[in-house]
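Participant: based on what follows, work out the 3D shape:
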Amino acid sequence: MNTGLFRPASVAEALALLARLKDAKIISGGASLVAMINARLADPAALVSLVRIEELKGIDQAPGGGFRIGAMVRHCDLAADPRFGGTLAVVPMAAAQIANATVRNMGTIGGAVAHADPGLDYPPALVAADAKIEIAAADGRRQVPAAEFFVDWYTTALQPGEMVSAVHLPAARPGIGLYHKFARVSGDYATVSVGVTVVREGPAIVTRAAIGGCGPAPLMIDQANHLLSGNPSAEDVRRAGDLLQAAADPVDDVRGSAEYRRMLIPRMLARAFDEARVHVGVAP
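Facilitator: Here you go, the predicted model:
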């Protein structure tokens, strides 16, 4: 039974509450946690709201051109921000496809990242963008690459008493970032999704591709990225799709069978990749 709602004014105060209150949960936008509480899938002893912590609300550009996105930045604000060009465009593109307008106006990037549902839109987009997740703890802060932050089903690199304080994006590189999502209906969780970034380097390209919805965490394989980089042929693209398909570990659920999800992986990868490389001026 919930025993209280606390509204700290700083990250340090929030961390102190997490240390003091047994079985407390952080609530940011509440899009995921409130739904879980209503469905009786979660029953936190206390809620620590981040709504008063100003540090967590902004999107700040770093001197080197990257960005620090505070954990309390709403999906709608990230989707509408015009500063994310080039390879970073994959992130607002994913934000724009989250659920519906009501959820986008209320949900936050920190809450979504910490929830780590494999069907969410941010995880593969952040992995493709080479993002880092900023984690705050009582003894300081650290940054974990997104590819290492998402560990297992609804499990992250967060340790007890820690919280997501921001998402860091590197400086945009000339090229494009795309997020493609296949869902039963508009606004649903992804059956399969793909985040891809393609950078033009002279006559060649450098690619990062991550698959979502097909296992406990976003799926990215270095060998597949290698095949999609340089001057890839149609056979290279097919082999990359085969590698990702073989490595996927999807489940059967109402959004599709594991077999169906595996079938979609190479098709969605090829579609997103072909669109991206045409954008950077390299014909398939």
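Participant: OK, contacts around Tyr154?
Facilitator: Tyr154 sits next to His115, Ala116, Asp117 when contact means CB atoms under 8 Å, 6 or more residues apart in numbering. C-beta here means a position set from N, CA and C on the backbone, and glycine is covered the same way.
Participant: if we go to 7 Å?
Facilitator: Taking CB atoms under 7 Å, 6 or more residues apart in numbering, we find Tyr154 in contact with Ala116, Asp117.
Participant: now do Thr156
Facilitator: Ala114, Ala116, Phe149, Phe150.
Participant: of the residues you listed, which is the most crowded?
Facilitator: Neighbour counts for the contacts of Thr156, by other CB atoms under 10 Å, peak at Phe150, which reaches 28 neighbours.
Participant: against Ser32, how distant is it?
Facilitator: Going from Phe150 to Ser32 by CB to CB, to the nearest Å gives 15 Å.
Participant: now Arg200
Facilitator: Here the distance between Arg200 and Ser32 works out to 37 Å (CB to CB).
Participant: those two: which is more packed in?
Facilitator: The neighbour count for Arg200 versus Ser32, taken as other CB under 10 Å, is higher for Ser32 (21 against 17).
Participant: surely that one and Val113 touch.
Facilitator: No: here Ser32 lies out of contact with Val113, judged by CB atoms under 7 Å, at a distance of 10.7 Å.
Participant: show me the strands in the stretch 151-284 of the chain, by range?
Facilitator: 155-156, 163-169, 175-182, 192-201, 204-212 (DSSP state E, counting those that start in this stretch).
Participant: for Leu17, find the nearest of those.
Facilitator: For Leu17, the closest of those is strand 163-169, at 10.3 Å, according to CB to CB.
Participant: parallel or antiparallel, list what pairs with that closest one.
Facilitator: strand 67-70 (antiparallel), strand 132-137 (antiparallel) (DSSP bridges).
Participant: tabulate these (JSON lines), appending mean pLDDT.
Facilitator: Below are these laid out as JSON lines (pLDDT from 0 to 100):
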{"stretch": "strand 67-70", "mean pLDDT": "98"}
{"stretch": "strand 132-137", "mean pLDDT": "98"}
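Participant: quick one: closest of these to Ser186.
Facilitator: Nearest to Ser186 among these is strand 67-70 (24.8 Å), distances taken as CB to CB.
Participant: how about the closest one: buried residues?
Facilitator: Buried residues in strand 67-70, counting neighbours by 16 or more other CB atoms under 10 Å, are found at Phe67, Arg68, Ile69, Gly70.
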